[in-house]
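**Q** Need a 3D model of the sequence below.
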Amino acid sequence: MAVDRRDEWMQVTRRGRVRVFAIYDHPRDYPDCFVVRAMETAGDIPPWCVVFMMEAKFADTLEAARGLLPGGLVKVGPSPGDDPVIAEVWM
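**A** Have a look, this model is predicted:
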């Protein structure tokens, strides 16, 4: 069961820009693979607002998608209410 960490997330984003990585499980725009998308958010605008999205990376398996992430990240989601195709969220 996913842990809702929105309070922690909002505390972090208030401190400035944060890069978040989401792994999608065969999303509608790329139904044949896992997709890793990096997003940058800012704490000086409403919570959860993405201010920059980087290009997507692709993998055949969830494990391979995790291998595309930079080191030192912590898994924080998905959160309740997230799109069901979001397999994992890292920051």
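
**Q** From now on I want contacts and neighbour counts done on CA atoms only, so please keep to that.
**A** OK.

**Q** Just give me the residue right at the centre of this protein.
**A** For the chain, the residue nearest the mean C-alpha position is residue 22 (2.5 Å; Cα atoms, centre = their mean).

**Q** Residue 80 versus residue 29, what's the distance?
**A** Counting by Cα to Cα, to the nearest Å, the gap from residue 29 to residue 80 is 22 Å.

**Q** neighbour-wise, which of the two wins?
**A** Shown here are residue 29 and residue 80; by other Cα atoms under 10 Å, residue 80 has more neighbours (13 against 8).

**Q** what are the phi and psi values for the more buried one?
**A** phi -60, psi 140 (degrees, to the nearest 10).

**Q** Could you report the pLDDT at it?
**A** If you check residue 80, the pLDDT there is 89.

**Q** Okay, now the unreliable bits of the protein?
**A** Applying pLDDT under 70 to the chain flags residues 1-16, 42-52.

**Q** Quick one: the helices in it, in order.
**A** 6-14, 62-66 (DSSP state H).

**Q** The residue nearest to the centre of the chain against residue 34, yeah?
**A** No: the criterion here is Cα atoms under 8 Å, and residue 22 misses it with residue 34 at 10.2 Å.
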